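A.B. asks: okay, here's the prediction I keep looking at, along with the sequence it came from:
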Amino acid sequence: MELYPYVQEKLHSGHKLTDVVEAGLVQEFVKTTRVIALIEVAASEAKRGGEQALFIFQTARVPVHSAIDLSIEQILPIDTNLKCEIDTSSTDVDTDVLVNITSGKLRILFEMPFSQRTNAFVSEILRAAEVIGKRRGPPPEFSWLLPYHQSCSNGPQEKDSASTVSTLVAGDMDGLATDAPSPGDVSVDVAQTPPSPSLDPTVSNAESSSVHNDDDRSPELGVNRHNIATGLSPTPIAARESHIKHQMTLREDAYTDINDFTVFVGTWNVNGRSPVVGLAQWLSVDEEPPDVYGIGFQELDLNTEAFLFNNSPKEQEWLNAVLNGIHPKAKYKKVRLVRLVGMMLIVLVQEKHLAYVRNVAVDTVGTGIMNKMGNKGAVSVRLDLHSTSICFTNAHLAAHQEELERRNEDHDCILQRTCFQMNMNVNTPPKSIKDHDHIFFIGDMNYRINPCDLNIREVASSADFKTLLEYDQLTQQKKQNRIFHKFKEGDITFKPTFKYDVDSQEWDSSEKARQPAWCDRILWYGEGIAQHVYRSHQELQISDHKPVSALFTSGIKVIDTRRYRRIYEEVMKKLDKLENEFLPQVTIDITEVIFGAIKFLQPQTKYLTIANTGQVPVQFEFIKKLNDSNFCKPWLSVRPFMSFIMPGDKCDVSIEVLVDKQTASLLNAMTDKLYDILVLHLDGGKDLFITVTGSYERSCFGSSINALVHMSKPFKEVPVAKLIDLESSYPKELSEMPYAVPKELWYLVNHLHSHALQVKGLFVLRGVQKEIIEIRTSLDEGVPDDLLPGSVHSVAEALLLFLEALPEPVIPYTFYQAALDATPNFALCKEIVSKLPDHHRTVFTYLMAFLKELLNHLTHNELDAKSLALVFGSILLREPASQAVDRRTSTQAVDRKKQIFIHHFLMNDYDY
C-alpha cells in the first residue's frame, strides 16, 4: 500500500510499522480524512518488548503524495485501557462501517470501508491489546513515544518530559486533546459514571457523542429518542429491578453524604508468644476511640499442632487480650475473626455502627507447598459499612533475605486467589480484594533491606531512615510497579521492626545476627482515605518483632433516606414511560472461542466482548445447561460470569482454560474433551450460545499407574491410540515386562534421593511454577542425562502434584474407607496394603521407603514423621467423589486418620 513508505519515513529508527489504513474521522455530521497507523517498538527500546501504539495522522491533502503531507495529531498507547470495535449494526455490505476506538475518557469514531482490510486492521489492534493484557509485572512505560508526543500537533508543549511519560503510562489521554477547537478536532466524550470499586476504575462512555444530536438522547435512561421515532432500532427492555438498581447507583451522589470514620489498623508478629503483657500501649494510645479496628497477627502459634491441624488455644488468649486492650471510651462488637495457622485477623466496630455492617465474608489463602500449608499466606475480612465496601487483608509472606521473588509470588497469589463468596449464594458474583472501595493490606511482609555499603544496624538505630529506605525491598519493588500497584504507604519515621532480641530493644544478637528490616507494614488503597499516623510500638518487647499501627480517616458513604426515596420515585416515573418499549439486546464479537494446544498446568486465556446495543441496561449471566451442575466444565473458567452493561457500553469477558490435577485424567483417557457450550442468558431476554474448543496435549500427569508402568518410551512418543487403550478397563497392548513403578515417579524420587536428603524445608517450601512446568515437560519428552531441571523444592512439589493427579490414588478408592477404619491398628493397616493391586502396592512401598530414608537424615533436613504423614496422607488417601458426606465426622478428624495411616509405616518396620 502506498501509505507504508510515507508513514515509515515519519518514524524513528527501530520503530516498525505493523499496519496502516486511511479512514474518515466522524464528528457530528462532518467527516475528515485521517491516516491511522499501528506502530511497534523494538524490544531493545522497551524494557520487556511488545509495546505498540496507534498513531493518528492529519493529512495536508488527499490522496497523500509524500511524508510531508502527514502530521501526527494523536498517539494512543495500546494498554489495558484501549478498546477497539466495529459497529456491525448495518447489514448492507455496500455501506461503510463505524469503528470505535476508546482509551480511558477518550473516544474517537472512524468510518472505514466494509472490507477484509478493515477487519484485518482492527484484528491487529485487538491482538496487540491482548498481548499487553496477559503481561505480568510492571505496566508498560511507553517512554519511546516521548519524542513523538512533543511534536504532536495537539500535544501540550509546556509539559516536561517526566510528566508527559507518566501521562502516557497512566493511559489518561486528556493531555493529548486540543486546548481550542480546530478544523481537525477529534470528537471526544468525557462523560463519566461514578468510579468503579476496583483498583482499575473504568470509564463509562454511555453518554458519548454519536451521529445524532445530544438533544435527541435521554441521558438519564440512555434512550436514543431519534432512533425510536424513526423505527431504526426497535430494541427490547431490560429487567425492571436491575434497571432500577443501576439507575440508583448512577445517582448515588445525590442521596449519599460522605461521613468521616476513624479506622485503626495494626499488625504484629508475636513469634508464638502468649499475651503476657497488656495491649493498650498498642491499641488505645490515641485520645479518641476509633470507629473501626482491623488487627492482624502473625506467628500466633508455632506449635506443630497449629501448623498441621489449625488448632490453637492461643486464638482465644489473644482475642481476650485485644478486647481488654482496645480503647476504653467506646463499646465495641466483633464483626469477624478469621485465622489460618498463625495468621489471625480481628475486625471490630463500635457498637453504634454494628447495625450498618452488612455482607460480611472471610477467606483464607495458604501459599505453602501445594497450597496445603498455611504457614504463609493471608487471611481477609470484607464488609459493607453503610454504602462503602471495605476489605482488611492480613498477610505473612515468604521469609529470608534471598526469597524476594517468592514474596512477590505470594503477593500475586493472595491478590489472585482471595475470593469472597457473598451470602453463600452461588448466583452472586464473588468479590476479590480489588473489588472494594477501601482496602487495608497489613502484615509481616518479610521484605528486607538489600545489602549495601551502609552499616545497617548503625543507621537503623539513628533517625536517618530515608537513606536506609532506599535499599528497602518493598519500596524498591513498589516503585518498579511489581507489587502493590496503586496502593499507598505512609512515610516511615520509625525504626525497623525486626529483628530484636526477645524482651529487649536490642538488635538480634544470636549466631545468625539477622539485619534489621521493616518487615511489618501497612498499605492502603481507595479514594477518601487520609492517614494521620504511622508508627511502631517499641515498648512491647515480648516478640522479635515490634507491633505497628496506623490511624486513618475514611470517607464512608452514608445514605440519606429522605433524598433516596425522592430520587427513587423520580427513577420509577421515568422507567414507567419506557418499560413496554424495549427488551435487552447485545452483540458478541465472537461466538466460537478456539484455543490452540493446551498443556497441563499452563493456562490460556482468550477474550470476548459483550456489547449492549439496546437502549436500556442489560443484566447478563452465564447459566448452567439442563442436567449440568455448573455453567461450564471444570477446566474452564469465565470472568465475570455475571455483570451489568449500560447502553452503548460493553463488557470484556475472559475465557480461561486450565487443565490441572482434577481434570487431566479425564482428558488423558478421552472421557472428556476440550469442548463446551456456554449459555449466555440476558435477564428478561433471550439466550445466546458460545462454543469453546481446544486440543489437549496429554501428559504423564493425570495418567494412571497401571498405564504408565507399561510405557517404555517417553510419554510424548507413545501413540494416542495406545494411551487410550492403556487407560481403558481392559487394555490389549500390555508390555511383557512392565516397570515396577512408573519411570516418571522413579525420576522424581531418585532426583530427591540423590540431591535433597539433607535439604531443609523439603515438602514445606513451595517450588517455582516455571520450574515445575519444565519438570513436567522433561518427564513427558524424556529426561536428558537422567537429570531433572529446577530446584529440589520444585521437584518435591512436582512429585506431590504427580501423585495427586493420578486418576486412581495410590491407595485406590475401593480401599479408602477400609484404610481409615484400620488406623487404630498397624496390623490392620498392613493387611490393607497387602491387598492393594500389584503396581499400587509397589508404588506405596517404594514411597514409604523413600520417606523413611528422608527421616534417617532428620538432623540435617529437620523433617518429622507427622508432617510428612500429613502431606502424603492427604494425597495417597483421597476420598471418592461419589462418597456421601458424613456430617458427624469433621474434615479434621478424617485428615488425622489419613495421617495416622501413613505414620504407622514411617515409624514401624514393614516387610517390603
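C.D. replies: Perfect, thanks for sending it.
A.B. asks: distance of the spatially most central residue of the chain relative to residue 441?
C.D. replies: Centroid-nearest residue in the chain: residue 416, 2.5 Å away (criterion: C-alpha atoms, centre = their mean). Going from residue 416 to residue 441 by C-beta to C-beta, to the nearest Å gives 14 Å. Glycine gets a C-beta too; all of them are placed from N, C-alpha and C.
A.B. asks: measure residue 464 to residue 498 for me?
C.D. replies: 18 Å.
A.B. asks: with neighbour numbers in mind, choose between the two.
C.D. replies: The neighbour comparison of residue 464 against residue 498 (other C-beta atoms under 10 Å) goes to residue 498, with 21 against 12.
A.B. asks: element containing the residue lying closest to residue 56 once chain neighbours are set aside?
C.D. replies: Among residues not flanking residue 56 along the chain, residue 74 sits closest, at 4.1 Å (C-beta to C-beta, 6 or more residues apart in numbering). Using DSSP states H and E, residue 74 falls within strand 70-77.
A.B. asks: tell me what the helix or strand following that strand is packed against?
C.D. replies: Counting by DSSP H and E, the element after strand 70-77 in chain order, helix or strand, is strand 82-87. Counting contacts by 3 or more C-beta pairs under 8 Å, 6 or more residues apart in numbering; DSSP states H and E, strand 82-87 is packed against strand 97-103, helix 116-133, strand 604-612, strand 650-657.
A.B. asks: so which of these comes closest to residue 247?
C.D. replies: Nearest to residue 247 among the helices and strands packed on strand 82-87 is strand 604-612 (14.6 Å), distances taken as C-beta to C-beta.
A.B. asks: from the contact counts, what lies against the helix or strand just after that closest one?
C.D. replies: Next along the chain after strand 604-612, taking DSSP H and E as the criterion, comes strand 618-623. On a contact count with 3+ C-beta pairs under 8 Å, 6+ apart, strand 618-623 meets strand 642-645, strand 675-682.
A.B. asks: those strands: which one's closest to residue 352?
C.D. replies: Per C-beta to C-beta, nearest to residue 352 of these: strand 642-645, 33.4 Å.
A.B. asks: pull up the pairing partners for the closest one, direction included.
C.D. replies: Using DSSP bridges, the strands paired with strand 642-645 are strand 618-623 (antiparallel).
A.B. asks: compute the inter-axis angle for the partner strand and strand 604-612.
C.D. replies: Interaxial angle, strand 618-623 versus strand 604-612 (axes from the mean of the first three to the mean of the last three C-alpha atoms, to 10 degrees): 140 degrees.
A.B. asks: so what touches strand 618-623?
C.D. replies: When contacts are defined by C-beta atoms under 8 Å, 6 or more residues apart in numbering, strand 618-623 is touched by residues 238-239, 242, 427, 584-586, 610, 612, 631-632, 638, 641-645, 651, 678-685, 687.
A.B. asks: tell me what angle that strand forms with strand 675-682.
C.D. replies: Using the same axes, to 10 degrees: strand 618-623 against strand 675-682 is 150 degrees.
A.B. asks: next, the buried residues of strand 618-623.
C.D. replies: Residues 618, 619, 620, 621, 622 are the ones in strand 618-623 that count as buried (16 or more other C-beta atoms under 10 Å).
A.B. asks: again, but for stretch 894-912
C.D. replies: Under the neighbour-count criterion of 16+ other C-beta under 10 Å, stretch 894-912 has 894-906 buried.
A.B. asks: any chance of CSV for the residues you listed, columns secondary structure and distance to residue 715?
C.D. replies: CSV is the format used below for the buried residues of stretch 894-912 (DSSP: H, G, I helix; E, B strand; the rest coil; distance: C-beta to C-beta, whole Å):
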residue, secondary structure, distance to residue 715
894, helix, 33
895, helix, 32
896, helix, 36
897, helix, 34
898, helix, 29
899, helix, 32
900, helix, 35
901, helix, 30
902, helix, 28
903, helix, 33
904, helix, 33
905, helix, 29
906, helix, 31
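A.B. asks: what's stretch 792-799 in contact with?
C.D. replies: Contacts of stretch 792-799 (C-beta under 8 Å, 6+ apart): 369-370, 745, 748-749, 751-752, 755-756, 759, 761-763, 765-768, 771-772, 775-776, 788, 790.
A.B. asks: in helices, which of these fall?
C.D. replies: Taking DSSP state H, the ones among the contacts of stretch 792-799 that sit in helices are 745, 748, 749, 751, 752, 755, 771, 772, 775, 776.
A.B. asks: which of those residues tops the neighbour count?
C.D. replies: residue 775 leads the ones in helices among the contacts of stretch 792-799 on contacts (other C-beta under 10 Å) with 28 neighbours.
A.B. asks: isn't that one up against residue 790?
C.D. replies: Yes. With contact defined as C-beta atoms under 8 Å, residue 775 counts as touching residue 790 (5.4 Å).
A.B. asks: now do stretch 396-411: distance from first to last residue.
C.D. replies: Start-to-end span of stretch 396-411 (C-alpha to C-alpha, to the nearest Å) is 9 Å.
A.B. asks: buried sites along that stretch?
C.D. replies: Across stretch 396-411, burial judged by 16+ other C-beta under 10 Å covers 396, 397, 398, 403, 404, 406, 407, 408, 409, 410, 411.
A.B. asks: rounded mean pLDDT for it, please.
C.D. replies: On average, the pLDDT along stretch 396-411 is 92.
A.B. asks: what are the contacting residues of it?
C.D. replies: Stretch 396-411 is contacted from outside by 269, 298-299, 342-343, 367, 375-378, 395, 443-448, 473, 477, 482-484, 515, 766, 768-769, using C-beta under 8 Å, 6+ apart.
A.B. asks: what about stretch 320-327, distance to the chain center?
C.D. replies: How far stretch 320-327 lies from its chain's middle: 35 Å, per C-alpha atoms, centre = their mean, to the nearest Å.
A.B. asks: quick check: which element contains residue 260?
C.D. replies: Assigned by DSSP H and E, residue 260 belongs to strand 256-269.
A.B. asks: so which elements touch that strand?
C.D. replies: Using 3+ C-beta pairs under 8 Å, 6+ apart: strand 256-269 touches helix 280-283, strand 292-298, strand 388-396, strand 438-444, strand 520-525, strand 548-559.
A.B. asks: and those: which comes nearest residue 126?
C.D. replies: Evaluated over the helices and strands packed on strand 256-269, closeness to residue 126 peaks at strand 520-525, with 29.8 Å, by C-beta to C-beta.
A.B. asks: how far off strand 292-298 does that closest one point, in degrees?
C.D. replies: In terms of direction (the same axes, to 10 degrees), strand 520-525 departs from strand 292-298 by 140 degrees.
A.B. asks: alpha carbons only: can I get the helix or strand just after strand 520-525 in PDB?
C.D. replies: Following strand 520-525 in sequence order, the next helix or strand is strand 529-536 (DSSP H and E). C-alpha atoms of strand 529-536 as PDB (Å, rounded to 0.1, in the frame of the first residue of the first chain):
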ATOM      1  CA  ILE A 529      -8.700   7.800  52.900                       C
ATOM      2  CA  ALA A 530      -6.300  10.000  54.900                       C
ATOM      3  CA  GLN A 531      -3.600   8.500  57.100                       C
ATOM      4  CA  HIS A 532      -2.900  10.500  60.300                       C
ATOM      5  CA  VAL A 533      -0.200   8.500  61.900                       C
ATOM      6  CA  TYR A 534       2.100   5.500  61.100                       C
ATOM      7  CA  ARG A 535       4.100   4.200  64.000                       C
ATOM      8  CA  SER A 536       5.700   1.300  65.800                       C
END
